[in-house]
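A.B. asks: predicted model follows, preceded by the sequence.
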Amino acid sequence: MIGNPDDIDFQAKLAIVGLGGAGSNLINRIYNSGIKSATTIALNTDAKHLNMIGAHKKILMGKTITQGLGAGGFPEIGMKCADASRNEIQDAINGYDLVFLAAGMGGGTGGGSIPLVAQMAREQGSLVVAFVTYPFSLERSRKNKADWGIQQLTKNADTTIIIENDRLLSYAPNLPIEKAFELVDNVAANAVKGIADTIMLPSLINLDFADVRAVMRDAGTAVINIGIGSGPDKVQKAISSTRQHPLLNIETEGGKSALVHVTGSTSLTIEEATRVGEGVTENLDEKANVIFGSRLSPELADQIRVMSIITGVKAKLGEGPVRMTQSASEARWLDSIESIL
């Protein structure tokens, strides 16, 4: 068994594993942020890219298969490389209570290897939470590969959180493409880091590993929402922006469980944090299992940030952008998101 719950000094061990190019880029961002709450691990078949990544642990998968030149966009090659490096991967992820996996779906290495690595982590007893991005609607062949990869992944991960590139970028149609990809990567990075820090670091309202496990064990597909509020009515702004900007085409009404994380400055009160949590989850089932945590971050000044994860939902993937025009409120939301990422 990983950890002993009867040991008073027990502290959950967390690992964040990035697979393929997109996953490794996310690991690089988290590692360079100076994360102290989790171990970062990068797995790739591309040696040149892997050498550029900062991480606590790095593994070049399937060296004898690809000679470090990548999987060429073929997920079957990515899975084969992960299997060839099974012993190294198992050693790297061994002993962690919670394993976050991150990959961009639709390519070769990430989409092909993440189902197998999820299976390895589950077999050793870890709670497995996967964060994956879904391709743009114009990427037709990549969408087919992504659908296959997600189908395989959901069989092995406890919770799979999907971010649709189209849906996020529908709020930012005029961003340069490099900035657009940074925005997608940073949303996932901040979500993973937010959960890890909330579990491991001191909080205004504590959220521990048992809470996360209660919501995410065998939970299926999940949606992540993010929101920001500032000014005199910052609580209501935070609630509204969180509920109006889900990053997956989904209906959350009647949802059965949720994890809500609220971060504010040292002036944030328990009453304000609780109001945010209530507002964000008010459309869920009245018997929904809602786990709530809140942390103080002095650099936020007058701002409140919210992240909510609602589990057990059914995704409507690949239906294209929600819209390609911005309202004034969406433009403000995007500006606020960009300012903190």
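C.D. replies: Happy to help now that I have it.
A.B. asks: for this structure, which spans come out with low pLDDT?
C.D. replies: 1-10, 168-169, 171-172, 177, 180-181, 245-246, 315-341 (pLDDT under 70).
A.B. asks: please enumerate the strands of it.
C.D. replies: Ranges of strands in the chain, per DSSP state E, are 14-19, 39-44, 57-60, 98-104, 127-134, 159-164, 220-229, 257-264, 289-296, 304-311.
A.B. asks: and these as a markdown table, adding distance to residue 141 and mean neighbour count?
C.D. replies: (Glycine included, C-beta is placed from N, CA and C.) Listed next are the strands of the chain as a markdown table, based on distance: least, CB to CB, whole Å; neighbours: other CB atoms under 10 Å:
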| stretch | distance to residue 141 | mean neighbour count |
| --- | --- | --- |
| strand 14-19 | 20 | 30 |
| strand 39-44 | 21 | 28 |
| strand 57-60 | 26 | 19 |
| strand 98-104 | 14 | 29 |
| strand 127-134 | 14 | 27 |
| strand 159-164 | 17 | 25 |
| strand 220-229 | 23 | 23 |
| strand 257-264 | 34 | 26 |
| strand 289-296 | 39 | 21 |
| strand 304-311 | 30 | 26 |
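A.B. asks: what about residue 70, how many residues nearby?
C.D. replies: Look at residue 70: counted by other CB atoms under 10 Å, it has 23 neighbours.
A.B. asks: hey, what's the closest residue to it other than its chain neighbours bridged with?
C.D. replies: Closest residue to residue 70 apart from its sequence neighbours, by CB to CB, 6 or more residues apart in numbering: residue 46 at 4.1 Å. Beta-bridge partners for residue 46, by DSSP bridges, are residue 69.
A.B. asks: ok, residue 46 touching residue 68?
C.D. replies: Yes: assessed by CB atoms under 8 Å, residue 46 is found in contact with residue 68 at 6.9 Å.
A.B. asks: how about the strands of the chain, which one is nearest residue 73?
C.D. replies: Among those, strand 98-104 comes nearest to residue 73, with 11.6 Å by CB to CB.
A.B. asks: can I get the closest one in CSV, CA atoms only?
C.D. replies: Provided in CSV are the C-alpha atoms of strand 98-104 (Å, rounded to 0.1, in the frame of the first residue of the first chain):
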residue,chain,number,x,y,z
LEU,A,98,-1.6,10.7,-6.9
VAL,A,99,-0.3,10.7,-10.4
PHE,A,100,-1.3,13.5,-12.8
LEU,A,101,-0.8,12.7,-16.5
ALA,A,102,-0.8,15.4,-19.2
ALA,A,103,-0.7,15.0,-23.0
GLY,A,104,-1.9,16.6,-26.1
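A.B. asks: which ones are touching the residue nearest to residue 299 when sequence neighbours are not counted?
C.D. replies: Nearest residue to residue 299, sequence neighbours excluded (CB to CB, 6+ apart): residue 265, at 7.7 Å. By CB atoms under 8 Å, 6 or more residues apart in numbering, the contact set of residue 265 is 296-303.
A.B. asks: can you tell me which of those residues has the most neighbours?
C.D. replies: Ranked by the number of neighbours (other CB under 10 Å), the contacts of residue 265 place residue 303 first, at 21 neighbours.
A.B. asks: wait, what's in contact with residue 285?
C.D. replies: Each residue near residue 285 by CB under 8 Å, 6+ apart is listed here: 254-256.
A.B. asks: again, only this time at 6 Å
C.D. replies: Shown in contact with residue 285 (CB atoms under 6 Å, 6 or more residues apart in numbering): 254, 256.
A.B. asks: what's the distance between the residue nearest to residue 299 and residue 307?
C.D. replies: In this view, residue 265 and residue 307 are 17 Å apart by CB to CB, to the nearest Å.
A.B. asks: same thing with residue 90?
C.D. replies: 31 Å.
A.B. asks: contacting residues for the closest residue to residue 110 other than its chain neighbours?
C.D. replies: Nearest residue to residue 110 in three dimensions, chain neighbours excluded: residue 20, at 2.7 Å (CB to CB, 6+ apart). By CB under 6 Å, 6+ apart, residue 20 lies in contact with 103, 107, 109-110.
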